[in-house]
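*Asks:* Starting from these lines, generate the structure:
(chains A, B, C and D)
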Number of protein chains: 2
Amino acid sequence: MKLNEFIAINGTSLTKEAGEYLFRQGDHDQSLYIVKSGLLKAYYLSADGKENIKSFILPGSNIGSLMASYAGKPSTFSLVCLKPCELTVLQFAALYEASRTDAEISAAIVDFLLGFGIKKEVREYELLCLSAEDRYKKLVENTPEILNLVTQNEIARYLGITPVGLSRIKKRLAS
Amino acid sequence: MKLNEFIAINGTSLTKEAGEYLFRQGDHDQSLYIVKSGLLKAYYLSADGKENIKSFILPGSNIGSLMASYAGKPSTFSLVCLKPCELTVLQFAALYEASRTDAEISAAIVDFLLGFGIKKEVREYELLCLSAEDRYKKLVENTPEILNLVTQNEIARYLGITPVGLSRIKKRLAS
DNA sequence: TTGTGGAATTAACCCAAGTTAAAAGTCATG
DNA sequence: CATGACTTTTAACTTGGGTTAATTCCACAA
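*Replies:* Predicted coordinates for the structure are as follows:
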């Protein structure tokens, strides 16, 4: 079976308003979410209340907690809608089962996970090797569309710095 | 076929001395390496010659450049032996092919990639959310054995700081 | 035993980013 | 258009970690 077909059969539709949560840090939500429209953010909240943004999720991409879905542990991050969202929801277990019995689905999952791995490696590289300023420059260069979708506050939290810090970086680059 | 069998049939043995490279940043090495014994490090070298360590690879784990193997791009990091190593080498393409035709192998790959994804997410979390000091404390707590295997210099480069910085952190924690 | 070379520590100085707080800008809503 | 709630900028001060260089510590070889 094609992955698309599988999703059409097994997925359910869901709409959410801006501000609504799909799951929160600590939850055991074992769903995968496919974004049809809207915008979401995945973020960590530290013990002292500081927010760090893991990623923004745009239409066409997917998100879910691997920790909760595959490892059976509480999710390490929260997932919230920044804009009204239309989603397709799939149970991780259903897809995982299908990957065990259907070669076409298994192949699609392998490709998805390989692509996912590369994305994670890129993010790891940026956080390990680049300065905040370089990360900002790279963001402006590679995905400028994000800049119009979220506040600067959120860009900063994605880059791993504070809004004040990002404001200073912008000033530095402008001169 | 079991993944183990596949590796036994398709893998080739390789031994390397400390200091020898398996590939260098920029290479298009499309091999996967399974570590039987020894110790390796994967690291990025920045334009101004600074080293940042992506990971240490211990016996029982695997490594290869996803960028080179799957995306066909130059590897973003180098892979070098820190101790003499016994390795099994596998061509990524062979394994990928096999995953397309053999359900058991495909299942094993899916599990491997899911585990890999979780590891990358943990590292991403640490780099995004924790201070260098917290990252060091977590390392001491979770994988203290590493501390005896590599120099403090290398621990520092793995944590994303300089050896001088790490020395200060240790002093701070000792008092 | 004594060099010798790398590893780790320490010191002095510097800078990027954090923190706090105030000011200025932006925008939606009554 | 006025109010209030954010968002962004700016300023002043603090701090963690970088840089450079000197010093101390080892381990190992001659």
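
*Asks:* Can you pull the phi/psi pair for A:Asp48?
*Replies:* Main-chain torsions, A:Asp48, degrees, to the nearest 10: phi -90, psi 20.

*Asks:* by contact count, what packs against the top helix by length along chain A?
*Replies:* Looking across chain A with DSSP state H, the single longest helix is helix A:103-129. On a contact count with 3 or more C-beta pairs under 8 Å, 6 or more residues apart in numbering or on different chains; DSSP states H and E, helix A:103-129 meets helix A:3-10, helix A:92-101, helix A:132-142, strand B:40-45, strand B:51-57, helix B:66-69, helix B:92-101, helix B:103-129. For glycine as for every other residue, the C-beta is placed from the backbone atoms N, C-alpha and C.

*Asks:* any idea how far the residue lying closest to A:Met1 once chain neighbours are set aside lies from DNA strand C?
*Replies:* Nearest residue to A:Met1 in three dimensions, chain neighbours excluded: A:Asp102, at 5.4 Å (C-beta to C-beta, 6 or more residues apart in numbering or on different chains). Taking C-beta to the nearest atom of the strand, to the nearest Å as the criterion, A:Asp102 is separated from DNA strand C by 46 Å.

*Asks:* Would you agree A:Asp102 is in contact with A:Lys2?
*Replies:* No. In this structure, A:Asp102 is not within contact of A:Lys2 by C-beta atoms under 8 Å, at 9.5 Å.

*Asks:* and A:Gly72, that's in a helix?
*Replies:* No. Assessed with DSSP: H, G, I helix; E, B strand; the rest coil, A:Gly72 is coil; it does not lie in a helix.

*Asks:* what about it, how many residues close to it?
*Replies:* Counted with other C-beta atoms under 10 Å in any protein chain shown, the neighbours of A:Gly72 add up to 9.

*Asks:* One more: A:Gln30?
*Replies:* Using other C-beta under 10 Å, A:Gln30 is surrounded by 18 other residues.

*Asks:* In chain A, what residue lies closest to DNA strand C?
*Replies:* Per C-beta to the nearest atom of the strand, A:Gly165 is where chain A lies closest to DNA strand C, at 2.5 Å.

*Asks:* I'd like the helices and strands packed on helix A:103-129 laid out as CSV, including mean pLDDT and distance to B:Gly19.
*Replies:* Shown next, in CSV, are these (pLDDT from 0 to 100; distance: least, C-beta to C-beta, whole Å):
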stretch, mean pLDDT, distance to B:Gly19
helix A:3-10, 96, 45
helix A:92-101, 97, 41
helix A:132-142, 96, 31
strand B:40-45, 96, 11
strand B:51-57, 97, 15
helix B:66-69, 97, 22
helix B:92-101, 97, 25
helix B:103-129, 96, 26
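
*Asks:* can you tell which of those is closest to DNA strand D?
*Replies:* strand B:51-57 (9.8 Å).

*Asks:* partners of that closest one in the sheet?
*Replies:* When pairing is defined by DSSP bridges, strand B:51-57 lines up against strand B:40-45 (antiparallel).

*Asks:* Which positions in the strand it pairs with come out as buried?
*Replies:* The neighbour-count check on strand B:40-45 (16 or more other C-beta atoms under 10 Å in any protein chain shown) flags B:40-44 as buried.

*Asks:* what's the spacing between that strand and its chain's center?
*Replies:* Chain-centre distance of strand B:40-45: 8 Å, with C-alpha atoms, centre = their mean, to the nearest Å.

*Asks:* Can you pull out the residues in contact with that strand?
*Replies:* The contact list for strand B:40-45 (C-beta atoms under 8 Å, 6 or more residues apart in numbering or on different chains) reads A:125, A:128-129, B:22, B:25, B:33, B:51-57, B:63, B:76-82, B:85, B:150, B:154, B:157.

*Asks:* Around A:Lys2, how many other residues sit close by?
*Replies:* When neighbours are defined as other C-beta under 10 Å, A:Lys2 has 11 of them.

*Asks:* brain fart, A:Asp48
*Replies:* By other C-beta under 10 Å, 5 other residues sit near A:Asp48.

*Asks:* Give me the distance between it and A:Pro74.
*Replies:* 19 Å (C-beta to C-beta, to the nearest Å).

*Asks:* got the contact list for A:Cys85?
*Replies:* A:15-16, A:35-40.

*Asks:* and these, which two are the farthest apart?
*Replies:* Farthest apart among the contacts of A:Cys85 by C-beta to C-beta are A:Thr15 and A:Leu39. That separation is 13.5 Å.

*Asks:* higher neighbour count, the two?
*Replies:* Using other C-beta under 10 Å as the criterion, A:Thr15 and A:Leu39 rank with A:Leu39 on top: 18 against 13.
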